[in-house]
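Asker: any chance you can model this:
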Amino acid sequence: MTPGPNQPVVPTTAPLTPAYPERAAWGTAQSLRAWQTAALEKYFTASPRDFLAVATPGAGKTTFALTVASELLGRRLIDRITIVAPTEHLKTQWAEAAARAGIPIDPNYSAGQGKTSKDFVGVALTYAGVAVNPLAHRIRTERFKTLVILDEVHHAGDALSWGDGVREAFEPAHRRLALTGTPFRSDANPIPFVTYVPDPTQGPGVKVSVADYTYGYGQALADHVVRPVLFMAYSGEMQWRTRAGDEIAARLGEPLTKDQTAQALRTALDPNGSWMPSVLEAADRRLSEVRRHVPDAGGLVIASDQDSARAYAKTLRAISGEAPTVVLSDEKAASKKIAKFTDSPDRWMVAVRMVSEGVDVPRLAVGVYATTTSTPLFFAQAIGRFVRARKRGETASVFLPSVPNLLGHASEMEVERDHVLGKVIKDDADMHSAEEDLMNQANATESASGDEAMGPWEALGSQATFDRVLYDGGEFGHAGEVHVGSEEEMDFLGIPGLLEPDQVRDLLRTRQSERAAKQKASATTSRGDTVAEVSTHEQLAMLRRELNGLVAAWFHRTGQPHGVTHAALRKETGGPAAAVATAALLQKRIDLVRDWAIRQSS
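Answerer: Okay, here's the model as predicted:
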């Protein structure tokens, strides 16, 4: 694996084990990133039985784990390795990475066969496979001094049987190395072999997980190990028919009830509407801009279901003139398709969850988040597919709908969280969001509706508009409606594909200032020697949209409900509610909430 630019490196063949010169037979000479070197030193200083490493996606957890394995083999502290991964595809990916490090791993092993070839030093399994027959894996673990590598260990908590299976199978292991790159869920079930300690700040009796080494996205970004991510958020008008037959029209991104937000999002992602084709076209334009500087850059659309994936692929083919690679999770050839796309110059891949976690396609630079799955865990996994850095200056761009929970996740990219035990989480920051629960309920209702001609819910139409860019904890571009395909949209889509993080920030600020100047200039129109204002109706509507957008942005920053923020603004500025406030009052509140954001950032 290539180290990040300008990073201190240490060869893995450095004399960590001077007493064991034969260790070189277990690994190829690679360079380690600074965090990997620090984590290795901590691991071998402590020499623990259990070790939890939390590192952001794209940072190089696989290289770290295989270096630990190589070192332990060289020191003869272990003589077998078992790798447990979430999916079949990742088993193969681990085996290939291990082979490059000189460690032969069997990815096709199953408990039923009992033994594997003596040419292998270890096996790769899935969590589901372990749960099927944990006793057989326990017997194998007991027979050898075994290192167990638990990749994305939070999956051991996905189902009770998985956690119980992992605990039974690997309790006798000589060493266990747990890895994760995404937030743990918060629930009442401990993840096997993870250490928990009391945390009085969370409440009486509440415990949180403790990582032995943590390397977050913020650190990795500063070290140029991962790419900076620009989140391109799109809003727009949505129309749908409810189960009661009512026709609803609402704007994506403006304050809505939870069920309206869920239905508006489903309407936006409907392949037959105008929102998705518009966003896909914008994403393809962004990909073209990136490929001017990074010729092999690729794009990925993450879809909710197979029908949508095929429809999105058809739309992308019409837009780009090139047929995308379509990856469906139940296809036997899925892994081969991903591998082929990884090594090709093709523009687009469309997938259903298949590449949400662990799959390594370093050239992915543009993404479209087109799924109703919106938990923090899945979001972090999905964004992790785009952040792997290959050289300095590469950026990632992810297009997503302007809905509160997704914008919140995007704003919290640098926040680290621990697995919490014994605390019930009632907001959408943990477990399944309320919006997703509503979507799942709606999907179940539709499935049960059988042959109903229209079903209980029907998308009637959608139109997309550019909303804002979220980057480095800031928001840029939200100052009124911007039409798809306009020059104003291209101000942001046309950001060069190779820029340093501070250059991206400076450019976004410049574009923001230019937009504000254009917005101010457009408030008046020339009529000979006189200047006439735009209609009062249009001006008030524009100001209310801007204020609502800023209040929503403040919610993403602070978690303060929209109503509380509006009330605080009214208290400081005086006057009636925004719906009947004057233009001067609305502008005063806009300036005030902008001032709050500036003061908080400083």
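Asker: rest of the way, CA atoms for contacts and neighbours
Answerer: Noted.
Asker: for this structure, what's the longest helix?
Answerer: helix 536-558 (DSSP state H).
Asker: which neighbouring elements make contact with it?
Answerer: Packing partners of helix 536-558 (3 or more Cα pairs under 8 Å, 6 or more residues apart in numbering; DSSP states H and E): helix 404-411, helix 562-573, helix 583-601.
Asker: could I have the CA atoms of the host helix or strand of Phe44 written out in PDB?
Answerer: Using DSSP states H and E, Phe44 falls within helix 34-46. The C-alpha trace of helix 34-46 is given here as PDB (Å, rounded to 0.1, in the frame of the first residue of the first chain):
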ATOM      1  CA  ALA A  34       3.100   7.300  10.700                       C
ATOM      2  CA  TRP A  35      -0.100   6.100  12.500                       C
ATOM      3  CA  GLN A  36       0.600   2.500  11.600                       C
ATOM      4  CA  THR A  37       4.100   2.700  13.000                       C
ATOM      5  CA  ALA A  38       2.700   4.300  16.200                       C
ATOM      6  CA  ALA A  39       0.000   1.700  16.500                       C
ATOM      7  CA  LEU A  40       2.500  -1.100  16.000                       C
ATOM      8  CA  GLU A  41       4.800   0.200  18.700                       C
ATOM      9  CA  LYS A  42       1.900   0.400  21.100                       C
ATOM     10  CA  TYR A  43       0.800  -3.100  20.300                       C
ATOM     11  CA  PHE A  44       4.200  -4.700  20.800                       C
ATOM     12  CA  THR A  45       5.000  -2.600  23.800                       C
ATOM     13  CA  ALA A  46       1.800  -3.900  25.500                       C
END
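Asker: in its sheet, what does the helix or strand following it sit against?
Answerer: Using DSSP H and E, the next helix or strand after helix 34-46 towards the C-terminus is strand 50-55. Sheet pairing for strand 50-55, assigned by DSSP bridges, gives strand 175-180 (parallel), strand 213-215 (parallel).
Asker: returning to that earlier point: okay, the helices and strands packed on helix 536-558, which one's buried deepest?
Answerer: Neighbour counts (mean count of other Cα atoms under 10 Å) averaged over each of the helices and strands packed on helix 536-558 peak at helix 404-411, with a mean of 21.
Asker: what's the angle from that helix to helix 536-558?
Answerer: Orientation of helix 404-411 against helix 536-558 (axes from the mean of the first three to the mean of the last three Cα atoms, to 10 degrees) gives an angle of 60 degrees.
Asker: now helix 404-411: how far from the chain's centre is it?
Answerer: Relative to its chain's centre, helix 404-411 lies at 10 Å (Cα atoms, centre = their mean, to the nearest Å).
Asker: also stretch 294-306?
Answerer: 13 Å.
Asker: then stretch 249-258?
Answerer: 23 Å.
Asker: what of stretch 45-63?
Answerer: 20 Å.
Asker: which residue ranges form the strands in the stretch 351-500 of the chain?
Answerer: Taking DSSP state E, counting those that start in this stretch as the test, the strands found in the stretch 351-500 of the chain are 364-370, 396-401, 420-421, 458-471, 474-476, 482-483.
Asker: looking at those strands, which is closest to Arg310?
Answerer: strand 364-370 (12.7 Å; Cα to Cα).
Asker: worst average pLDDT in the strands of the stretch 351-500 of the chain?
Answerer: Ranked by mean pLDDT, these bottom out at strand 420-421, with a mean of 58.
Asker: quick one, helices of the stretch 151-300 of the chain?
Answerer: Along the stretch 151-300 of the chain, the segments classed as helices by DSSP state H, counting those that start in this stretch run 160-170, 217-222, 258-269, 275-293.
Asker: and of these, who's closest to Ala38?
Answerer: Here helix 217-222 is closest among the helices of the stretch 151-300 of the chain (Cα to Cα), at 13.4 Å.
Asker: most tightly packed of the strands paired with strand 50-55?
Answerer: strand 175-180 (a mean of 22).
Asker: follow-up on the earlier one: could the helices and strands packed on helix 536-558 go into JSON lines alongside mean pLDDT?
Answerer: Output for the helices and strands packed on helix 536-558, formatted as JSON lines (pLDDT from 0 to 100):
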{"stretch": "helix 404-411", "mean pLDDT": "87"}
{"stretch": "helix 562-573", "mean pLDDT": "85"}
{"stretch": "helix 583-601", "mean pLDDT": "82"}
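Asker: so which of those is nearest Glu171?
Answerer: The nearest among these, by Cα to Cα, is helix 404-411 at 35.4 Å.
Asker: and that closest one with strand 458-471, angle?
Answerer: Using the same axes, to 10 degrees: helix 404-411 against strand 458-471 is 20 degrees.
Asker: and the angle from helix 404-411 to helix 258-269?
Answerer: 70 degrees.
Asker: just the buried residues of the longest helix of the chain, please?
Answerer: Neighbour counts over helix 536-558 (16 or more other Cα atoms under 10 Å) mark 540, 542-557 as buried.
Asker: any idea of the angle it forms with helix 562-573?
Answerer: 110 degrees.
Asker: ok, back up a step: and the helices of the stretch 151-300 of the chain, which is most packed in?
Answerer: helix 258-269 (a mean of 24).
Asker: now the angle from it to strand 364-370?
Answerer: 130 degrees.
Asker: same question for helix 258-269, mean pLDDT?
Answerer: 92.
Asker: that older thread, could you dump the helices and strands packed on helix 536-558 to CSV with distance to Asp259?
Answerer: Shown next, in CSV, are the helices and strands packed on helix 536-558 (distance: least, Cα to Cα, whole Å):
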stretch, distance to Asp259
helix 404-411, 13
helix 562-573, 17
helix 583-601, 28
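Asker: and these: which comes nearest Gly461?
Answerer: Judging these by Cα to Cα, what sits closest to Gly461 is helix 404-411, at 21.1 Å.
Asker: the residue nearest to Thr565 when sequence neighbours are not counted: what's it in contact with?
Answerer: Leaving aside its sequence neighbours, Thr565 sits nearest to Val551 (Cα to Cα, 6 or more residues apart in numbering; 6.7 Å). Residues in contact with Val551, defined by Cα atoms under 8 Å, 6 or more residues apart in numbering, are His562, Thr565, His566, Val593.
Asker: where's Pro86 relative to Leu256, distance?
Answerer: 36 Å (Cα to Cα, to the nearest Å).
Asker: hang on, the earlier thing: the helix holding Phe44 to strand 50-55, inter-axis angle?
Answerer: 170 degrees.
Asker: so how far is helix 34-46 off the chain centroid?
Answerer: 27 Å.
Asker: remind me what that helix packs against, helices and strands.
Answerer: helix 61-74.
Asker: off-centre distance for the helix it packs on?
Answerer: So, by Cα atoms, centre = their mean, the centroid of helix 61-74 is 27 Å from its chain's centroid.
Asker: kindly report the same for stretch 320-336.
Answerer: For stretch 320-336, the distance to the chain centre is 21 Å (Cα atoms, centre = their mean).
Asker: how about the strands in the stretch 51-200 of the chain?
Answerer: 80-85, 105-106, 122-126, 146-150, 175-180, 196-198.
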